[in-house]
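Got a sequence here, can you model it:
(chains A and B)
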Amino acid sequence: MATLGDLERAVMDLLWEHPEAITANTLRDLLSQRTSDAGLDSRPLAVTTVLTVLSRLEKKGLVERERSSRPHRYRSVTSRAEHTAELMLEVLGSAPDREAVLARFIGTVSDGEADTLRKLLGR
Amino acid sequence: MFWTSWFLAVLAIALAWPVPVFLSRAHWPARAPFAAMVLWQSIALAGGLSMIGAMLCYGLVPLGENLSAGLHGLLEVVVGEESLDTLGLSHVFALSAASLLTAHLLFTLSLSYFRINRQRRRHRELLLLLSSPSSERPGTLVINHEAPVAYCLPGGSRSVTVLSDGLMTLLSPEELRAVLLHEQTHLAQRHHLLLWAFAAWRSALPWLPTSKLAQRAVSSLIEIMADDVALRSVSKSTLVTAIALVASGSAQLPAASLVGSDVEKIDTPATTSARLGRLLTPAPSMSAARQALIITLAVLLLAVPTALLLVPGILA
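Sure, this is the predicted structure:
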């Protein structure tokens, strides 16, 4: 768990694996378990650190908080697959402004062209 | 000054319509992509400069012999030392149009800069959570998706190339290297800046033929330039196979057909077939002398309106 970015990724991974909302405490336990399983240095992670990461992710609109219970429970806003699909749509060019993601290796080709290409490849 | 404004107006019209139409139909740009890129940039800059310059000069005709005298006169009108009546309605109109156009261009440019940056930041945030860094290739992320996709996300020292699982299973290591070299060229040659400038220009003046043609040409030229760099290290057949495999692979995707033809994309199919055609039936690249001539022409194209605007004021 070197950087905040790594932590964010680990937290999101766990939230995506647990569709039901979980508390920061549970998350901390799961994270420590994961690091010790991986044989990494298992410095105990503070719950406050997990809470910091969660609030950053919440600001980014990736995590939502259930405030009805105490302590608060957290869950991911959408699934991993949906987020990937969102990214891929941006890349594949249906997003209104495609300039943000630059120069995909190949653009979308028409069906006819795809046929020609397959013939070219001999498959 | 009056004749300067007419000359600039003629230049502006030529650069707005016949010149770009002519250039977009020419075949030589694929044989001299760098020279063509310089020429398109010069057309865009000279076009904007002569458009604004023509209106500005016409507007300032009653106020001075040359641009600096005219601007000095305008300042006197603005601070109230000279009456506005010296200008006359048509000149006031031309001056307003010139300043509005300048403001519009600058505003669109900065607006699209911020919009693209915001979108990139968001994309990067998600990407870093969803992808894993490639163990053997620095600066490369692998994202879990079946579509064969490769792209790069510019951002200074944090620029990354992104490959999908689908692409890595589809291509051989050598073909993958071709793809990576292609993408890394986009980043190394800062192609995103060109795309940004020409996209902003198009959204500022969408009705202008040149802005649309230029954007298309530029997005096709950067692909050609990236292909050329990749070809220095991989064989032509490897690159062709990689392009064909990725293109036919992505055509089978639901997402690709969903994107469909209703969205007018700058990355048109024509680009893909042009790239392949160029690789399969190669034309010899243009002689260095001719390329130098085109670049000289491009420089002159920008230098002439600049000189017309500035030199009379300096000489006077």
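
B:G249 touches B:T169, doesn't it?
No: at 10.1 Å, B:G249 does not count as touching B:T169 under the criterion of CB atoms under 8 Å. Glycine gets a C-beta too; all of them are placed from N, C-alpha and C.

who's more crowded, the two?
Legend: neighbour count by other CB atoms under 10 Å in any protein chain shown for B:G249 and B:T169, higher for B:G249 (23 against 9).

Spatially nearest residue to the more buried one (excluding sequence neighbours)?
B:P148 (4.1 Å; CB to CB, 6 or more residues apart in numbering or on different chains).

backbone phi and psi for the one you found, please?
When read as degrees, to the nearest 10, the backbone of B:P148 gives phi -80, psi 100.

Surely it is in contact with B:E175?
No: if you go by CB under 8 Å, B:P148 and B:E175 don't touch, sitting 10.7 Å apart.

which residues are in contact with both of these two?
Taking CB atoms under 8 Å, 6 or more residues apart in numbering or on different chains as the contact rule, B:P148 and B:E175 both touch B:L245.

Between those two, which is the more surrounded one?
Taking neighbours as other CB under 10 Å, B:P148 and B:E175 compare with B:P148 leading, 26 against 21.

Secondary structure class of A:P44, three-state.
Following DSSP: H, G, I helix; E, B strand; the rest coil, the label given to A:P44 is coil.

Let me know the helix or strand that the residue nearest to it when sequence neighbours are not counted is in.
Using CB to CB, 6+ apart and skipping residues adjacent in sequence, the residue nearest A:P44 is A:S32, 6.5 Å away. According to DSSP states H and E, A:S32 maps onto helix A:24-37.

Give the other helices and strands that the longest helix seen in chain B contacts.
Ranked by residue count, the top helix of chain B under DSSP state H comes out as helix B:89-130. Packed against helix B:89-130 by the contact rule (3 or more CB pairs under 8 Å, 6 or more residues apart in numbering or on different chains; DSSP states H and E) you find helix A:4-17, helix A:80-92, helix B:33-60, strand B:140-143, strand B:150-153, helix B:191-204.

pLDDT averaged over it - what is it?
Averaged over helix B:89-130, pLDDT sits at 92.

give the contact list for the closest residue to A:E58 other than its chain neighbours.
Closest residue in space to A:E58, ignoring its immediate chain neighbours: A:R65 at 6.2 Å, by CB to CB, 6+ apart. For A:R65, the contact set (CB under 8 Å, 6+ apart) comprises A:54, A:58, A:72-74.

buried stuff in whichever strand or helix holds A:R65?
In this structure, A:R65 is located in strand A:63-66 according to DSSP H and E. Residues A:63-64 are the ones in strand A:63-66 that count as buried (16 or more other CB atoms under 10 Å in any protein chain shown).

C-terminal to it, what's the next element?
Sequence-wise, the next helix or strand downstream of strand A:63-66 (DSSP H and E) is strand A:73-76.

how far away is the most centrally placed residue in chain B from B:T86?
Here the mean C-alpha position of chain B is nearest to the C-alpha of B:F198 (CA atoms, centre = their mean), at a distance of 3.5 Å. Per CB to CB, to the nearest Å, B:F198 is found 40 Å from B:T86.

B:S273 now?
59 Å.

quick one: which of the two has more around it?
Taking neighbours as other CB under 10 Å, B:S273 and B:T86 compare with B:S273 leading, 16 against 12.

what about that one, helix or strand, and which?
B:S273 is located in helix B:269-280, with elements delineated by DSSP H and E.

Show me what counts as buried in that helix.
For helix B:269-280, the neighbour count (16+ other CB under 10 Å) marks B:269, B:271-276, B:278-279 as buried.

ok, which pair from the residues you listed is furthest apart?
The span of those, defined through CB to CB, is set by B:P269 and B:L279 at 15.8 Å.

looking only at pLDDT, what's the mean for the particular helix or strand that has B:A307 in it?
In this assignment (DSSP H and E), B:A307 forms part of helix B:288-315. For helix B:288-315, mean pLDDT rounds to 95.

now do stretch B:227-246
Averaged over stretch B:227-246, pLDDT sits at 92.

which residues are contacting it?
If you take CB under 8 Å, 6+ apart as the criterion, stretch B:227-246 is touched by A:105-106, A:117, A:120-121, B:33, B:148, B:150, B:167, B:170-171, B:174-179, B:181-182, B:185, B:189, B:272, B:275-276, B:278-280, B:282.

So stretch B:191-204, near chain A or not?
Yes: Stretch B:191-204 lies within reach of chain A by CB under 8 Å from any CB of the partner chain, at B:191-192, B:195-196, B:199.

What lies in contact with that stretch?
A:97, A:99, A:102-103, B:37, B:40-41, B:44, B:48, B:104-105, B:108-109, B:111-113, B:116, B:154, B:185-186, B:211-212, B:214-215, B:218-219, B:222, B:225-226, B:266.
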